[in-house]
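J.: let me see the structure of the following:
(chains A and B)
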Amino acid sequence: MEKPAIQYIRPKFCLVYIMVFLPSTTPATSAVDAGLKRSRVDYSRHLSSEARARLPNPIKSIWKAAQVKAGTINMGNGDPHHTLYPICEMNFVVPSIDGHDPVQSWRSGTGEQNIIASYKDDPCALSLRTAFAYGAGAGLKEVRDALANLNDRIHSPPNHTVSLSLGNADALTKCFRLLGDPGDSFLCEEFTFSAMTNAALPLGIQWVPIRMDNNGLVPSDLERILSNWDEATQGKRPHVLYTIPCSQNPTGSTLSLERRQQIYRIAHDWDIIILEDDPYFFLQYDLDVNQSTIQQYGYTRAMAEVLPRSFLSMDYDGRVMRLDSFSKIVAPGMRLGWVTSNSFFAEKLDMLTDSSSQHPHGMGQAFVAELLGSDGWGVDGFMKWISSLCNEYQRRRDLFMDIFRQKVAVSGFATAEVPQSGMFVWIKINLEHHARFSTSQTPTVPGGPTTNTADLMDELFRKLLNSGLVMMPASTFAVVDRAGTMGSHINDRVNFFRATFVGTDETIRDGLTIFGRTLEEFSCC
Amino acid sequence: MEEPQIDSNGIDNRDIQVDLSHHLSGEARDRIANPLKDILRVISECPVTDLISMANGDPHHSLYPFRQIMYEVPSVQDASDPVTSWRNNSGLAQIIRSYKDQECALSIRDAFPYSRAAGLKQCRDVLTDFTKLIFAPPNHYVTLTLGNSDGITKVFRLFGEKGDHFLTDEFSFPSMTNSPLAYGVKWVGVKMDSGGIIPEELERVLVKWDEVKSGRRPHVLYIIPVGQNPTGSTLSVDRRKKIYAIAQRWDLIIIEDDPYYFLQYDIPQTNCAPADPDEFIKNFRSTLIPTFLSMDVDGRVLRIDTFSKVLAPGMRLGWITSNKLFHLKLADYTDSSTQPPHAFGQMFVTEMLSENGWKVEGFCRWLKSLCSDYQSRRDFLLDVFRREVESTGYAGVNCPEAGMFVWIEVFFEKHPRFVCEQYSGGSPVVARTNTEHLLKELFERLMNTQGVVFIPSSTFAIPENPLWVESDGHVPLSDRTRFLRATFGGTEDIIEKGMIRLGKGLREFFQD
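T.: Down below sits the predicted model:
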């Protein structure tokens, strides 16, 4: 049902925010959000000076004006005519999702296959004539509509717009440019995906780490940083939080609903934009999917019931930019994803896309449109595939944890929490048992490390490498607290490895065997 | 893994190339290599050969839901004119296939994992070979892009920072030139004539440049040398040589944006097309104008190529050819932004240029045939133009040698409301005629009453600044902004209707 458009009028300056609700299948309101008063956010205050200065593409503007009239002849643009595209049909051989467990049948080669087809001259969900032409930054309507529909059925977001991206790395680095000026401080988890946080550094953005525990970022520490912030000495108070709420990379932790609500409330109080980078959202384990819901309403509804509540789903202020990707659930080389945000940010993001990478490729857009369309899997079939994918990854996780218990944990030198989602296990090395562990180092700088944790971990990393095993050391992901207000230096807390369980059974078995053996050798001397 | 490198002379002239690192922007210099990839370097130095990696979160290939991808394309082997046979459905089709588990040039297994910025080796190799065969550059490396917009805007970020000035044609492509304005790069337009940018004018700007008043002298030149957008002009070999020499003298980086390179017309045809593939390629190459890249002994050219105009815009795939330093910096930047191009395009291009596809020779056949198709569209437009527009006496046009555009000059001085004042001192860049006003009026009139859209030249004009304009005898750019850009990329029906509407619109406009 189409909800009525709501207008917000800012009393003094008469800025009008027109918000159009996406059609929702279920109302998003629930008691937990009722305490939050919807604020009128001045989104423009969050834009970088670059984003403010950016001009719209003048040629696209002209054509927008010209399209008003039907029958207008366009001699303006240098678009090759579609009869000259040398591709008239694309076929993708994909699994059939008719079986009970499509991922298993596909892997074992026992299942049926389907053909997803796109045509230039025959009817289909997204014609190659459209897919292969120049388009606008947001991506093609057919694909955006399909993804907005998926969003709506999973998150029921209050009021948002979908823009396509080239995957989350592209989307995230664009968001950094959109929101960050030189000298800005952004908030992030103290261990985070450094490939992305590093990308913001040459833009002059500094990172402020937030303490984490086994369950992810600690809301009270976020509040502590913001309320203690001194703009005179530390510069502008952070206005952006970058977080990976599900299977946080690298720690594998997933934020509980309670924490999400606390974090959203803090963001609301301090006017923070939340960058919700959620590539592992659909890979959740130990889900109690209701079989009768599947039978009655299909997979989408059944999955939506048990998947975590996203920040997007509670975003009444429009302060969340949610980043979704096909990389983990289809394949990384898809280089296709989507950003869900308020319409103001969506427009600014599209302008940046028009001035840089341009819209995503026609091949991926055509594939997604057909896959989610009526001749493909459809949204429900796609959710069935995801549900089956979850089973497969859960099996790998369980295998990993079993072998970890047998080969590693027995020694007491390492422990690990069972991750609820994603691809990673965060293995804690109990260095306090090591003969050469020292807690009385003299820090070289005030607030510097007081243990030799980093040195021992480096030694262990190299020892593992020489034994034939690679795991990612925590130091790779550590964000140093420049303000020095955390109480202890992060290098005293880097006694972790990130290990993935997405490899083959053999990799898991052999890898953990080497790990257990090498760890024992290491810990004894 | 060895970087594929182009060195057509067979000698390693890496040392001959000039150190150009001082051109990099602060952002490019400050960029840190991806730490996860640093770890990969440590790993690559490890003596153990059968390493087990539990490092990365790459989905296993058995979970990719693709077994085979097929593209139906025209066959280019038998037909002498594959584009025409394709368009009228009389030719044979061919299927280009990628497999997950069967042998092919770039398998689904190899194409769909996470990868490094410069693109997959298989795809870079085929494009390196192609670049080598066609452009024969001295010593250069290939970086994949998502098409020229992506390539150009990345290159702008590589060199531009707040306060910089870049040089370009006085009429240039605003979708690109607008992009660095947002971060404080300004443009200096260089005077053009029907042959494109005028080398002497370029040198004059550099000589006249006052670093005290205007800041750092421009160090980047952005040009579209073939079928220039919007004027349709193509730089002669003589001009290219002069411009390259100026770039050497003044230490300029040249951004050679060349999407229309393969759409060159009026090429003298040899009597018979050689049957031998190598001969065919050689023959094809010899008909094309030498690029800036081909003369780039210093490594100061970044050549930007794309499949948008010769396959389809939605491919979103292209490549940059540059010196090694810039190649590495572009790769780092790609790692920190878009990531490498999508697997679909890389697989398609690799198969298309390989054994089971068209191969380079077949691709050249397609390009050659495409040229003649566009040439006939151009000729058709010019014919109708002569009949419907030139006959009015209100507009004229030069015949473009390449690309997709004609630059229609409108003779506003014939308009009853045309106003022209004598120059009597003051700023040399202030308009003395109402040309721009009349142009706007004409554009709107054509759109609203005739239902035809051309892009007015004001959209492309780079604003002038008296600081770098010679006051003597200078005609302000606004008074020369008297053109409409028209494309002949459309169908004959569109071209014909468009020209008829233009002729009619001009008559009404000039007689009001």
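
J.: got phi/psi on B:Ala93?
T.: phi -110, psi 160 (degrees, to the nearest 10).

J.: and the residue nearest to it when sequence neighbours are not counted, what does it touch?
T.: Leaving aside its sequence neighbours, B:Ala93 sits nearest to B:Glu72 (CB to CB, 6 or more residues apart in numbering or on different chains; 5.3 Å). For glycine as for every other residue, the C-beta is placed from the backbone atoms N, C-alpha and C. Residues in contact with B:Glu72, defined by CB atoms under 8 Å, 6 or more residues apart in numbering or on different chains, are A:87-91, B:93-95.

J.: what strand or helix carries B:Val42?
T.: In the assignment (DSSP states H and E), B:Val42 maps to helix B:35-44.

J.: ok, back up a step: so the residue nearest to B:Ala93 sits in a strand?
T.: Yes: counting by DSSP: H, G, I helix; E, B strand; the rest coil, B:Glu72 is found in a strand.

J.: model confidence for A:Ala366, exactly?
T.: We have a pLDDT of 98 for A:Ala366.

J.: name the SS class of it, please.
T.: When classified by three-state DSSP, A:Ala366 comes out as helix.

J.: and the residue in chain A sticking out farthest from the centre, what does it touch?
T.: The centre of chain A is farthest from one residue, A:Gly71, which by CA atoms, centre = their mean lies 42.9 Å away. The neighbours of A:Gly71, taking CB under 8 Å, 6+ apart as the test, are B:Gly451.

J.: any low-confidence regions in the chain?
T.: By default, I'm working from chain A. Applying pLDDT under 70 to chain A flags residues A:1-39, A:63, A:65-68.

J.: not what I meant, chain B
T.: Applying pLDDT under 70 to chain B flags residues B:1-16, B:36-37, B:79, B:270-273.

J.: for residue 408, what are its contacts?
T.: If you meant another chain, say so; for now it's chain A. Neighbouring residues of A:Val408 by CB under 8 Å, 6+ apart: A:414, A:427, A:512, A:515-516, A:519.

J.: actually it's chain B I care about, not the one you picked
T.: B:Ile408 is in contact with B:385, B:389, B:395-397, B:454, B:483-486, B:502, counting by CB under 8 Å, 6+ apart.

J.: wait, which of the residues you listed is closest to A:Glu189?
T.: Checking the contacts of B:Ile408 against A:Glu189 by CB to CB gives B:Arg485 as the nearest, at 50.5 Å.

J.: and chain A, is the longest helix belonging to chain B touching that?
T.: Of all the segments of type helix in chain B, defined by DSSP state H, the longest one is helix B:359-388. Yes: for helix B:359-388, a contact with chain A is found by CB under 8 Å from any CB of the partner chain, at B:366, B:370, B:373.

J.: check which element follows that helix along the chain.
T.: Sequence order places strand B:395-397 as the next helix or strand after helix B:359-388, per DSSP H and E.

J.: flag every buried residue along the longest helix seen in chain A.
T.: Ranked by number of residues, the top helix in chain A under DSSP H is helix A:378-407. Of the residues in helix A:378-407, A:378-394, A:396-397, A:400-401, A:403-404, A:407 count as buried by neighbour count, 16 or more other CB atoms under 10 Å in any protein chain shown.

J.: of these, list those near chain B.
T.: Among the buried residues of helix A:378-407, the residues that sit close to chain B (CB under 8 Å from any CB) are A:385, A:389, A:392.

J.: ok, those vs A:His268, which is closest?
T.: Nearest to A:His268 out of these is A:Leu389 (CB to CB; 34.2 Å).

J.: which ones are touching that closest one?
T.: Taking CB under 8 Å, 6+ apart, we find A:Leu389 in contact with A:103, A:282-283, A:329, B:63.

J.: and for residue 205, the neighbour number?
T.: Since you didn't name a chain, this refers to chain A. 23 (other CB atoms under 10 Å in any protein chain shown).

J.: I was after chain B.
T.: Around B:Val205 there are 20 residues (other CB under 10 Å).

J.: same question for B:Val360.
T.: As a burial measure, B:Val360 scores 21 neighbours (other CB under 10 Å).

J.: report the contact partners of it.
T.: Each residue near B:Val360 by CB under 8 Å, 6+ apart is listed here: B:129-130, B:133, B:277, B:281, B:353.

J.: mind putting these in JSON lines, neighbour count included?
T.: Formatted as JSON lines, the contacts of B:Val360 follow (neighbours: other CB atoms under 10 Å in any protein chain shown):
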{"residue": "B:Asp129", "neighbour count": "15"}
{"residue": "B:Phe130", "neighbour count": "19"}
{"residue": "B:Leu133", "neighbour count": "18"}
{"residue": "B:Pro277", "neighbour count": "14"}
{"residue": "B:Ile281", "neighbour count": "20"}
{"residue": "B:Leu353", "neighbour count": "21"}
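
J.: and the strands in the stretch 1-150 of chain B?
T.: Along the stretch 1-150 of chain B, counting by DSSP state E, counting those that start in this stretch, strands occupy B:5-6, B:52-53, B:68-74, B:93-99, B:140-145.

J.: over to A:Arg322: give its phi and psi.
T.: phi -100, psi 130.

J.: I should have written A:Lys428 there, sorry.
T.: Dihedral angles of A:Lys428 (phi, psi; degrees, to the nearest 10) stand at phi -90, psi 130.

J.: quick one: B:Glu279 is in a strand?
T.: No: under three-state DSSP, B:Glu279 sits outside any strand and is assigned helix.

J.: tally of neighbours for residue 209?
T.: Here I'm looking at chain A. Using other CB under 10 Å: A:Pro209 sits among 23 other residues.

J.: switch to chain B, please.
T.: B:Trp209: 18 surrounding residues under other CB under 10 Å.

J.: then A:Ala409?
T.: Neighbours around A:Ala409, by other CB under 10 Å: 16.

J.: spatially nearest residue to it (excluding sequence neighbours)?
T.: Spatial nearest neighbour of A:Ala409, chain neighbours left out: A:Thr415 (6.1 Å); criterion: CB to CB, 6+ apart.

J.: which SS state does the one you found fall under?
T.: strand.

J.: so it makes contact with A:Met401?
T.: No: in this structure A:Thr415 lies outside contact range of A:Met401 using CB atoms under 8 Å: 11.4 Å.

J.: dump the residue contacts of residue 364.
T.: Using chain A. If a contact means CB under 8 Å, 6+ apart, then A:Gly364 has A:326, A:334-336, B:342, B:344 as its contacts.

J.: wrong one, chain B
T.: B:280-281, B:284.

J.: over to B:Arg432?
T.: Counting by CB under 8 Å, 6+ apart, B:Arg432 touches B:420-423, B:476, B:479.

J.: what's the answer for A:Thr83, then?
T.: With CB under 8 Å, 6+ apart as the criterion, the residues that contact A:Thr83 are B:86-87, B:491.

J.: which of those residues tops the neighbour count?
T.: Within those, most neighbours by other CB under 10 Å means B:Trp86, with 26 neighbours.

J.: ok, what's across the strand from residue 320?
T.: You didn't say which chain, so I picked chain A. Bridge pairing for A:Val320 (DSSP bridges) gives the partners A:Ile274.

J.: nope, chain B please
T.: B:Ile320 has these beta-bridge partners by DSSP bridges: B:Thr143, B:Ile304.

J.: show me what the helix or strand that contains A:Phe461 is packed up against.
T.: Element membership for A:Phe461 (DSSP H and E) is helix A:453-466. If you count contacts as 3 or more CB pairs under 8 Å, 6 or more residues apart in numbering or on different chains; DSSP states H and E, helix A:453-466 packs onto strand A:472-473, helix A:505-523.

J.: who's in contact with that helix?
T.: A:429, A:431, A:434, A:436-437, A:470-471, A:473-475, A:491-495, A:497, A:514-515, A:518-519, A:521-522, B:42-43, B:46-48, B:51.

J.: for the closest residue to B:Phe307 other than its chain neighbours, grab the count of nearby residues.
T.: Of all residues not flanking B:Phe307 in the chain, B:Met315 sits nearest, at 4.6 Å (CB to CB, 6+ apart). Neighbourhood size, B:Met315 [other CB under 10 Å]: 25.
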